[in-house]
Structure formats: structure tokens, C-alpha cells
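Peer 1: Next one to model:
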Amino acid sequence: MASPMKIVFGLLTFVTVGMIIGALFQLAFIRRLEDSYGTDFPSHRRMHESQNVVNLQLSGGISHWANDKDAVILRLGYVKPEIIGWSPRIIVYHNFLSMEECDYLRAIASPRLQISTVVDTKTGKGIKSDVRTSSGMFLNPEERKYPMIQAIEKRISVYSQIPVENGELIQVLRYEKNQFYRPHHDYFSDTFNLKRGGQRVATMLMYLSDNVEGGETYFPVAGSGECSCGGKMVKGLCVKPNKGDAVLFWSMGLDGQSDPNSIHGGCEVLGGEKWSATKWMRQRTTS
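Peer 2: Now for the predicted structure:
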């Protein structure tokens, strides 16, 4: 008959081996979770990998998400949020669009560009103005049904937490050298535009081109420092236009009132072409 000491020793050995095996299984499980998040974990090699990897998004770019349609549409593992301001609320979403999506929007817009207009505060209609010197166009309701456009709109809805049906049609803009958009508010100061969908709550501004000199998005009353706007140092906060990135900012505060601090503008383009796509979101459905 085994002695009590041998029994105790055997039990301790059994428990120890079990703990080691359990720890190994736990480590393996954690590793699988990390891998499933693709480039979202802060490996320097991953964070600085070729932009070509981002281009794979619509064709199952991150193999771990290949069978998850919603994950692919939302670009999980690619999109990296960066909060840069609280008054107004501003978030930069790095890698928000794939390179294919950027080029797709530009290709749709190119043949239909017209001189941009601004909203007339008296009539609510678009008029030409020296305040805005770009050219642009709006996607039509039929184009809104295209799979890639639907994917972009769903992504905007999820990251802004505003329903798709509350969004206006996407506008694509091109700023050439020396063109700009002086500081302005996106919310309406007329009653004409408020009849359909109410006030503009937030804006998602997406950058579609790279190698742009100048052309920053400028928030003159955000932050407490200085930044470069079209080659000039100014007070406020500036966001450099990087292809695939997007800026989400709110025109209304948490109190439900229009936020005057949301004033913003497009700095002068010094070199190259700045392409962007804008999605304005309302309080209610626009359809």
C-alpha cells in the first residue's frame, strides 16, 4: 500500500502538470486572439508595413476576417482612431478607406466635376462664392446602391454611430494648386435646409489623394497650439490630408445645440491635387 507521502507527492505532480498544460492552452488562446486582430496590435513591423497590405481589404485583406463580411466592410484591424480634439469633438480615423475605395470615388467623380458652391443663408440654395474655390460633385441615389459605396456608408454609420439613412449623399471634391475653402460652419443657419432631415450633426471628411502639399483641414479655435496651414503658421489645429484617412467632427455639442467651435476650413493647396469626399449627417432621415 502506497505511503501517504507518495500519495501527496503524486497529487502535487498531477496538479503541477495540469497547471502547466492549462497555461500553455491559455497562451495559445491569447496568441490566436492577437493574430485575429491583424495589424491592430502595436508591432512596429506591422504598423509600418507596406500600404499594399491595406489595399487587400475588399478582397479579404486580413485572412483572419476573410469569412466575416461585416469585419471586412468595417476594415477591422486596419482603421485606427485618434482623438485630437474635444471642443469641437474631432477624431482622425487612419486607414479608414482602402486605396481602391479612394481611387473608385475619384474615378466616379472626375467626369462630372463642377465649380463648387456654398449655401446661401437666405434661400438655402447653392451659390458660387470666392469663399470656396474647389470643384466637386454629388453621388446620385443610384450610385448609393453600389456595393462599394454601401460599404463606405455602413462604415461611416458605425464609426459615427449615426444611422445610414440620416446621411446626405456623398460629395467628392478636388482642390488644385492655390485653391482653398475659407473657415465656415457645416451646420445650417437657414430654415430652408432644416426641413429635410433637420440640422447637420456631424461630418466625415475622407481624403482620397496623397503627395499633397498644403491643403490641411484647419480648425482655428480647436486646441491651444499652432499648426501649418497652407505653409503659414496659424493658431488652432490642422489635419494633414493623407490618402485613406478620414476626419470625423461634430457640428452639434452634447447639449444638442450647434457648436460654434466646429468652424473649420480647407487650407490653400501648395502642390499636387487634394481630393476628398464628404459625408454630412443629419438629426433625422434625409430620404
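Peer 1: just the helices in the stretch 101-250 of the chain please.
Peer 2: All helices of the stretch 101-250 of the chain, identified by DSSP state H, counting those that start in this stretch, fall at 147-160.
Peer 1: I'd say residue 79 and residue 94 touch.
Peer 2: Yes: the pair residue 79 and residue 94 passes the contact test of CB atoms under 8 Å, sitting 7.1 Å apart. C-beta here means a position set from N, CA and C on the backbone, and glycine is covered the same way.
Peer 1: Listing request: residues of the protein with sub-threshold pLDDT.
Peer 2: 1-66, 117-132, 287 (pLDDT under 70).
Peer 1: Show me it divided up by domain.
Peer 2: According to automatic domain parsing, the chain comprises the domains 4-36, 79-282.
Peer 1: could you dump stretch 271-278 to PDB, C-alpha only?
Peer 2: This file holds the C-alpha atoms of stretch 271-278, laid out as PDB (Å, rounded to 0.1, in the frame of the first residue of the first chain):
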ATOM      1  CA  GLY A 271       1.400  71.500 -54.700                       C
ATOM      2  CA  GLY A 272      -0.400  68.500 -56.200                       C
ATOM      3  CA  GLU A 273      -4.100  67.900 -56.000                       C
ATOM      4  CA  LYS A 274      -6.200  67.400 -52.900                       C
ATOM      5  CA  TRP A 275      -9.200  65.100 -53.400                       C
ATOM      6  CA  SER A 276     -11.700  64.500 -50.600                       C
ATOM      7  CA  ALA A 277     -15.100  63.000 -50.100                       C
ATOM      8  CA  THR A 278     -17.500  64.500 -47.600                       C
END
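Peer 1: gap between that stretch and the chain center?
Peer 2: Centroid separation for stretch 271-278 versus its chain: 15 Å, with CA atoms, centre = their mean, to the nearest Å.
Peer 1: Any buried residues in stretch 201-213, and which?
Peer 2: The neighbour-count check on stretch 201-213 (16 or more other CB atoms under 10 Å) flags 201-210, 212 as buried.
Peer 1: Same question for stretch 163-179.
Peer 2: Neighbour counts over stretch 163-179 (16+ other CB under 10 Å) mark 166-175, 179 as buried.
Peer 1: Then stretch 134-149?
Peer 2: Within stretch 134-149, the residues that qualify as buried are 134-137, 139, 144, 148-149, counting by 16+ other CB under 10 Å.
Peer 1: quick one: which of those residues sit in strands?
Peer 2: Taking DSSP state E, the ones among those that sit in strands are 135-137.
Peer 1: Tell me the one among those residues nearest to residue 262.
Peer 2: Taking CB to CB as the measure, residue 262 lies nearest residue 136 of these, at 20.5 Å.
Peer 1: picking up where we left off before, of the ones in strands among the buried residues of stretch 134-149, closest to residue 112?
Peer 2: residue 137 (4.4 Å).
Peer 1: I'd like the distance between that closest one and residue 166.
Peer 2: Distance, residue 137 to residue 166, using CB to CB, to the nearest Å: 22 Å.
Peer 1: Check residue 148 too.
Peer 2: If you go by CB to CB, the gap between residue 148 and residue 166 works out to 21 Å.
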